[in-house]
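> using only what follows, build the 3D model:
(2 chains)
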Amino acid sequence: MGIFSRLKNTSFSKIIQRIFGKKHAKIGIYGPPNVGKTTLANRILKDWTGDIMGSVSEIPHETRRANWRKNIRIENGNSSLVMDIVDTPGIATKIDYKDFMNTYGLSKEESRLRAKEATEGVIEAIKWLEDIDGVILVMDSTQDPFTQVNVTIIGNLEARNLPILIAANKIDMEDASPATLKSAFPQHPVVPISALTGYNSETLYSTMVKHFGKKRRKNRR
Amino acid sequence: MKKTMGKKEKDKGISVNLISRDKLEHLTSAEKLKYIINEVKKGRILVLEHGLTPMEQTALIEHTMKEIDQDTFIGIEIEGYGEDKTGLLQRLLGIIKKPRMTVIGPAHLIKTIHKDNDLIQTMIITGKRS
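Presented below is the predicted three-dimensional model:
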């Protein structure tokens, strides 16, 4: 396609966006189950809109359908970025209903239903990857970061040339080690936070505005 | 329907298959995923000489979720080393990153104990054949 036909097919706003960077971005909150994705989504919404995204629980796969809120303006000094925030179900490679029974005391019926909905949630989360402009990948800073889910999500987003911001969550826990996450994924910004207490959320917001507002070309797959 | 295993099949132990790069190289991504899922559902552990690309891994997770049957197949355990790093010259020449060795097995039979950049430590769970 020639340069003139390309220009003809490109809206003025897209040209401006390519030159000056983004003003509006659809951001997905991703990660394995129980790392605090919805707690973080609630924190962001509470801080900027006064609303909340969804319920949280110590039982994995509490979020089994993607939730999203549009037009959240996050400010950083003189600059700002309007974001649509998508809170996605936790991505896992296995879901055993017996875990919900044995570890969390759910009934067999509740456990089987939760497991079934959780598998559908994983599929939905993966489908959302096609439709986002950037990802906050939430990791539990008390856990080993080299899980295949983390590595797969990062590899997938890198292949699409989408920006990734790693939120090293649960920094309020005694055994948290955000330095391990930083050394594991040095190619991406890592912000230690506690979504629960709000610790370091200002740094997270300023990094979001800077990182997701940058101009870049997305590889569609 | 729950598949029961005969005594003869139990005595064979758990099958660990080392899959050469050549075996998967000529397959399309869809064919690779179908092959892997079929083998894993049969209770086999696969060690791929050349693993899957991140896009294929994501598709494998998605396919796995569709295949989960709560009584017979609870999903997979998958661990692999990160892709080979490519230099600037290789990238300019269009040489893409190559996935590296990867182990994939049924989640009820294999569990990851430890993983870092240089070591993947897994454990085969005995006594859980079905």
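> make sure A:Gly213 is actually in contact with A:Ile74.
No. With contact defined as CB atoms under 8 Å, A:Gly213 does not count as touching A:Ile74 (9.7 Å). Yep, even glycine has a C-beta here, placed from its N, CA and C like the rest.
> now for those two: what residues contact both?
Overlap of the contact sets of A:Gly213 and A:Ile74 (by CB atoms under 8 Å, 6 or more residues apart in numbering or on different chains) consists of A:Leu81.
> what about stretch A:126-144 and chain B, any contact?
Yes. Interface with chain B: stretch A:126-144 contributes A:Ile126, A:Lys127, A:Leu129, A:Asp144 (CB under 8 Å from any CB of the partner chain).
> give me the nearest residue to the last one, chain neighbours excluded.
The reference is to A:Asp144. Computed as CB to CB, 6 or more residues apart in numbering or on different chains, the closest residue to A:Asp144 that is not its neighbour in sequence is B:Lys115, at 7.1 Å.
> just the residues of stretch A:126-144 next to chain B: which are in helices?
In helices, defined here by DSSP state H, the members of these are A:Ile126, A:Lys127.
> quick check on the residues of stretch A:126-144 next to chain B: which are buried?
With neighbours counted using 16 or more other CB atoms under 10 Å in any protein chain shown, the residues of stretch A:126-144 next to chain B contain these buried positions: A:Ile126, A:Leu129, A:Asp144.
> who's in contact with the first one?
What it means is A:Ile126. A:Ile91, B:Thr58, B:Ile61, B:Glu62.
> run the last query once more with 10 Å
By CB atoms under 10 Å, 6 or more residues apart in numbering or on different chains, the residues touching A:Ile126 are A:Tyr30, A:Thr88, A:Pro89, A:Ile91, A:Thr152, A:Ile153, A:Asn156, B:Thr58, B:Ala59, B:Ile61, B:Glu62, B:Met65.
> which ones among the residues you listed lie within strands?
The strands, defined by DSSP state E, take in A:Tyr30 from the contacts of A:Ile126.
> among the contacts of A:Ile126, who's most crowded?
A:Tyr30 (29 neighbours; other CB atoms under 10 Å in any protein chain shown).
> please tell me how far the residue most central in space within chain A sits from A:Lys116.
By CA atoms, centre = their mean, chain A has its centre lying nearest to A:Ile29, at 1.7 Å. In this view, A:Ile29 and A:Lys116 are 23 Å apart by CB to CB, to the nearest Å.
> who's in contact with A:Gln143?
Going by CB under 10 Å, 6+ apart, A:Gln143 touches A:Pro32, A:Asn34, A:Val35, A:Asn150, A:Lys170, A:Asp175, A:Ala176, A:Ser177, A:Thr180, A:Leu181.
> same thing but 8 Å
A:Gln143 touches A:Val35, counting by CB under 8 Å, 6+ apart.
> and the nearest residue to B:Ile19 once chain neighbours are set aside, how far from chain A?
In space, and not counting its chain neighbours, B:Ile19 is closest to B:Leu48: 5.0 Å by CB to CB, 6+ apart. For B:Leu48, the distance to chain A (CB to the nearest CB, to the nearest Å) stands at 13 Å.
> quick check: bridge partners of B:Leu48?
Counting by DSSP bridges, B:Leu48 is bridged to B:Ile19, B:Thr102.
> just to check, A:Arg112 is in contact with A:Tyr97?
Yes. At 4.8 Å, A:Arg112 counts as touching A:Tyr97 under the criterion of CB under 8 Å.
> which one's more surrounded, the two?
More neighbours surround A:Tyr97 than the other of A:Arg112 and A:Tyr97, with 22 against 17 (other CB under 10 Å).
> now that one: phi and psi?
Main-chain torsions, A:Tyr97, degrees, to the nearest 10: phi -60, psi -30.
> chain A contacts on chain B?
Counting by CB under 8 Å from any CB, the residues of chain B near chain A are B:53-55, B:57-58, B:61-62, B:64-66, B:68, B:70, B:74-80, B:82-83, B:107-108, B:112, B:114-117.
> show me those residues that map onto helices.
Among the residues of chain B next to chain A, the members found in helices (DSSP H) are B:Pro54, B:Met55, B:Gln57, B:Thr58, B:Ile61, B:Glu62, B:Thr64, B:Met65, B:Lys66.
> need the max-distance pair from those residues.
Maximum pairwise distance among these (CB to CB): 19.2 Å, between B:Pro54 and B:Lys66.
> with neighbour numbers in mind, choose between those two.
Of the pair B:Pro54 and B:Lys66, B:Pro54 is the one with more neighbours under other CB under 10 Å, namely 22 against 11.
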